[in-house]
Every structure is written in structure tokens, then in C-alpha cells.
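*Asks:* here is a sequence with its predicted model. Questions after.
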There are 2 protein chains.
Amino acid sequence: MSNMPDTGPSPIPVLCRACEARHRGICGALHPAQLSRLARTAIRRECPSGSNLASAGSPVTSHANILSGVVKLTKLMPDGRQQVVGLQFAPDFLGRPFAEVSDVTAEAAGTVRLCIFQREELEEMAVESPGLSRRLHAQALRELDDARDWMLTLGKKSASERVASVLLLIGTHIDPEAEGCSPSFELPLRRSDIADFLGLTIETVSRQITALRRRGIIAVDRNRLITVLDLQGLESAAGG
Amino acid sequence: MSNMPDTGPSPIPVLCRACEARHRGICGALHPAQLSRLARTAIRRECPSGSNLASAGSPVTSHANILSGVVKLTKLMPDGRQQVVGLQFAPDFLGRPFAEVSDVTAEAAGTVRLCIFQREELEEMAVESPGLSRRLHAQALRELDDARDWMLTLGKKSASERVASVLLLIGTHIDPEAEGCSPSFELPLRRSDIADFLGLTIETVSRQITALRRRGIIAVDRNRLITVLDLQGLESAAGG
DNA sequence: CGGTGCGTTGAGGCCCGTCAATAGTTGTGG
DNA sequence: CCACAACTATTGACGGGCCTCAACGCACCG
């Protein structure tokens, strides 16, 4: 693509060498030269738990790759009711290409490390690189699948199935390296976040976690550390 | 794009002249020459109510524009529970570009007229035309927004709010020409479909429709024809 | 230590699901 | 046109699952 004089093949930017997003994320579509260009204006940042990464209704100025951590996407009703509409994990792409405003709020659930791009830079590259725009499209389709899967959870499952489902969801995504469900992991969400994700109350979530514990399917340490003792049991408790 | 000898500007194919999709749908991104190419292999078909347009798990062989009618997207749990995960209206694009299999089932809710493309044809054109692939991307993002909006409905709203929401949703989309909510329209869904969309039972849906009727917000004729008597009332009943 | 945020547990009530009977609608065939 | 069947929708009675309200335990922090 680049017709500038070269002193050999472009090296992969230092910043990108060990980055997960270069393999399974959107940067996998880019040549070293394109990576360099993007890396020039990209900045990495560590966001503490609870920081606001994007607000509903405010203009989108940047996009980012999630390097580590979990991002919580929420929607708010005029009267204050809140729904968590999705979770995103490394190495997901975070942001909304070509959209003026986002109507979801993104918040760090636990510490999150981001690689942040300037909006114009990324969109210009997407126009030039069909591979990149295709990965962005694929990411949108994946999120759409996730959203529709979760609609099934919200519309049809019982409280205990929902809680088992959210544990499976988090367990299978929290470690970007792992295949399948991690045997043990730290919940990035409070009970109230889980409740808002599941369409339940904190009390019901708490009771169902206790029930799973009593049935020997999971163990819970200090309220946040989940150990899956019986994965098959958890899967069947999630109802498919 | 085309470097073939021309006898002047390509005419717009007859098939496409009056088509809604050429303005607001994906075909709006195409030049007359591209339209002609696509129109050569495209076929129009009228699908009777209930026909299966795409099955979960089976390979995707074609894509289509919805010319008229309503398409119901559903997901099925192993034990038979069913969730309607979305409705699509003219001039929406129906299908899943670049995906091997679709995990949702698409079914005609009422008579549907489609303009069907061969999969390879469309995907080749998407590679060649950035405008087209961008419209496909935009459609995916719109569906994602719709899905997340509906997650809020499923997770947080009461039965009466849900029923008001679905009436508003259908009323504002069923007529592609109209601005806002149509004052009167025919429901494309049975009560059981509405229930599966809302995460409720048919009995609850029926009771809530009766309640809206008694409150003077809507009128119902022959179970399917809805007339909105008090749009503000309906909107506030939907809870925002 | 008291305050604050988070999570658990219990008691009671309500919304909506379940079950059952009835009524309305559509299509078919005499 | 009516009779009939099949499907669809409404209405009622009742029970259960989850919400509500409240008290308590626990960890953290000034």
C-alpha cells in the first residue's frame, strides 16, 4: 500500500509486539507499515475501576482496543432504571466506528487497560484497508450475536438459569488465552451489576449464587472469586 | 469502476426503479452499472406467511432486501423455548454477510416480498464497493442498537410497558414511507409471537392489550387491526 | 471506633405464569 | 349459506417465582 521508499520491510512497532489485538483483534488486519502509522498516535492507558469510557449521548472522539480487563456497557431509562446490555473483554474493539453518538455508556468493570486511537485516524485507515473495515464489521456482527443470545436469557430463562449463564459467560471470556471456561476467576462485577445484566434484583442474584454453592457446582471466596467445581453442572444449570 | 466500453451512462435497471431499497436500503450505495450487475442475478419472490426464510444452523446461500412485509427473527433453546430476537421491515437487508452459518431463524410474519441476491455475487460486490460494505456495516450496527434497546425492554420493563413498547415498535416501522407511528396498522404477529418477543405469556399479552383498550389508548378490531387513539398515552405507557 | 459500601438472609406480598373454560376467527366442504 | 373443525384470542381462578422491605454480617477506611 505504502509507496514511500523503504529501507526494508517495516518492523512491527514495539508497542504492538506482544499485543493480543494483533492476533485476534482488529489490528490483525494491518501490515507493519499500517501498524506503525496507527501506533504513532495511539496511546495506552490504564483506567481504574468505575471510570467512564464513553457516555450515552456524548460525541464519540476515540476508539480503543481492550488490552485487559472487562468493560460494562449500559443503557439507562429516563426514570433511572438501568440495564447492562453487554460485557466486552480483551482483545475486543471498543467503540462505534462511523457513528456520531453512542447510545450506550461504557464503564470499566475493574481495572482496564486500553490502546486508544484517534477517531479520524482509524476511520481513514478503515477506508483504505478493506481488511480492517471487514474486521470492524465482523466485530459488530459478533456483538449482535451476543446481544441476541442474551435476549434469550432475558426473555426465557429462570433466575437460576440466568445466574448460571452469567457465570459461564464471564468464565469463558475473562481469560483471552484460555480455551473454554476458566476453572477459577474473579468476578469483575458487583452483585448490582449482575442483577442489572440479568434483569433481576441483587437479592435474587445472591440467593441463586448461594443455591449454586450449596449444590456443589461452584465455590465462592470473598464474594468475588468464583471456582467452578462442576462445569457440566453449571452448563446444564444455564439451560443450554 | 467498470472499464468496459460504455455507450453512455448505464440506465437504472427496470427492476430497481421504484425500489425502496435503492434509496434507504443497501442498494443506495451502488452506481447504475453495479445495480445492473446485481439485478441480473437477483430474483424477486413473494413469500406467504409463515415461510421459512433462513434456518438456524443451516448454511447461508443467499441474502435479500425486504421489499414489503415483516420478517421475524427467532432463536430456539434445546428444550424448545423460543425467543423472538428481532423484527425486520422494508427496506431492511436480510442476511448475514461473510458468515458461514446463521444462528437465528428468519420467518415471514405475514406475506413478505423479497429481492434475493446470490451470496457470492453480493460479497464480491461488497469487496469492490466500499460504499456497499459500509452500508452493510451500518445495517449491522443498527440491528445491534435495536437488540440492545430490546434488552432494556426485556430486562427492566413491566408487562404493560412491554406490550406498549411492541405496539410502538411495530407502528413506527410497518410503513416505510411514514414518519413516526402509523395511526392504524395491522399486527403482523400472533399473540404467541408477541409473547415470545416480550418474554411473556399469551395470556398476559392479551390482558395488557385489553387494559390498553379499556384505558382508551388503542382500539382493536378483529384482534389484529390496531388503531392508536392516544399516541402520547402509548408512549408514556411504554416507559420511555 | 463509627461510617460506608457491599453482600446475605428472612418474611411477606404482588405480578405474572399456569391451568382451564369460553368465545371469536378463518377456512373447508356440503 | 350454514355446519363444522382448527386455530386463535380472551377471561377467570389460583399458585408460585421473584420483588420488596428490612435486618444483619462483613470488609474497608478515615
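*Replies:* Perfect, thanks for sending it.
*Asks:* what about chain A, any weak spots by pLDDT?
*Replies:* For chain A, residues meeting the criterion pLDDT under 70 lie at A:1-9, A:100-101.
*Asks:* what parts of it come near DNA strand C?
*Replies:* With Cβ under 7 Å from any atom of the strand as the criterion, chain A meets DNA strand C at residues A:190-192, A:202-203, A:205-207, A:209-210, A:220, A:223-224. For glycine as for every other residue, the C-beta is placed from the backbone atoms N, C-alpha and C.
*Asks:* try it again at 6 Å.
*Replies:* Proximity of chain A to DNA strand C, by Cβ under 6 Å from any atom of the strand, involves residues A:190-192, A:202-203, A:206-207, A:209-210, A:220, A:223.
*Asks:* please list only the buried members of those.
*Replies:* Taking 16 or more other Cβ atoms under 10 Å in any protein chain shown as the criterion, what is buried in those is A:191, A:206, A:209.
*Asks:* give me the contact status of the strand or helix carrying the last one with DNA strand D.
*Replies:* In this structure, residue A:209 sits in helix A:202-214 according to DSSP states H and E. Yes. In this structure, helix A:202-214 sits against DNA strand D according to Cβ under 6 Å from any atom of the strand; the contacting residues are A:203-204.
*Asks:* with stretch A:136-155 instead?
*Replies:* No. Interface with DNA strand D: stretch A:136-155 contributes nothing (Cβ under 6 Å from any atom of the strand), its closest point being 10.8 Å away.
*Asks:* now, which of the buried ones among the residues of chain A next to DNA strand C sits nearest chain B?
*Replies:* Relative to chain B, the closest of those is residue A:191; by Cβ to the nearest Cβ it sits at 15.5 Å.
*Asks:* thought residue A:208 was touching that closest one, still the case?
*Replies:* No. With contact defined as Cβ atoms under 8 Å, residue A:191 does not count as touching residue A:208 (10.7 Å).
*Asks:* which non-adjacent residue is nearest the residue in chain A that DNA strand D sits nearest to?
*Replies:* Closest residue of chain A to DNA strand D, Cβ to the nearest atom of the strand: residue A:204 (3.1 Å). Nearest-residue entry for residue A:204: residue A:159, 5.1 Å, with adjacent residues in sequence omitted and distances by Cβ to Cβ, 6 or more residues apart in numbering or on different chains.
*Asks:* who does whichever strand or helix holds residue A:63 pair up with?
*Replies:* Assessed by DSSP H and E, residue A:63 sits inside strand A:62-76. According to DSSP bridges, strand A:62-76 forms sheet pairs with strand A:82-89 (antiparallel), strand A:93-94 (antiparallel), strand A:105-118 (antiparallel).
*Asks:* need those strands in CSV with distance to residue A:170 and mean neighbour count, can you?
*Replies:* Output for those, formatted as CSV (distance: least, Cβ to Cβ, whole Å; neighbours: other Cβ atoms under 10 Å in any protein chain shown):
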stretch, distance to residue A:170, mean neighbour count
strand A:82-89, 7, 23
strand A:93-94, 17, 22
strand A:105-118, 10, 21
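*Asks:* so which of the ones you listed comes closest to residue A:138?
*Replies:* Checking these against residue A:138 by Cβ to Cβ gives strand A:93-94 as the closest, at 9.7 Å.
*Asks:* tell me how far residue A:136 lies from residue A:71.
*Replies:* Going from residue A:136 to residue A:71 by Cβ to Cβ, to the nearest Å gives 17 Å.
*Asks:* and what of residue A:191?
*Replies:* Taken as Cβ to Cβ, the span from residue A:191 to residue A:71 is 19 Å.
*Asks:* burial count for residue A:217?
*Replies:* 20 (other Cβ atoms under 10 Å in any protein chain shown).
*Asks:* which ones are touching it?
*Replies:* With contact set as Cβ atoms under 8 Å, 6 or more residues apart in numbering or on different chains, residue A:217 has these partners: A:164, A:228-230, A:233-234, A:237.
*Asks:* need those in TSV with neighbour count and distance to chain B, can you?
*Replies:* Below are the contacts of residue A:217 laid out as TSV (neighbours: other Cβ atoms under 10 Å in any protein chain shown; distance: Cβ to the nearest Cβ, whole Å):
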residue	neighbour count	distance to chain B
A:164	25	14
A:228	21	21
A:229	16	23
A:230	14	19
A:233	16	16
A:234	22	16
A:237	22	13
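*Asks:* in helices only, show me the residues you listed.
*Replies:* Assigned to helices by DSSP state H, the following of the contacts of residue A:217 qualify: A:164, A:233-234, A:237.
*Asks:* and the residue of chain A closest to DNA strand D, how many neighbours does it have?
*Replies:* Neighbour count of residue A:204, defined by other Cβ under 10 Å: 17.
*Asks:* cool, residue A:16 as well?
*Replies:* Neighbour count for residue A:16, taken as other Cβ under 10 Å: 19.
*Asks:* same question, residue A:150
*Replies:* Residue A:150 has 27 nearby residues by other Cβ under 10 Å.
*Asks:* bridged to the residue nearest the centre of chain A, which residues?
*Replies:* In chain A, the residue lying closest to the centroid (Cα atoms, centre = their mean) is residue A:88, at 0.9 Å. Beta bridges link residue A:88 to residue A:71, judged by DSSP bridges.
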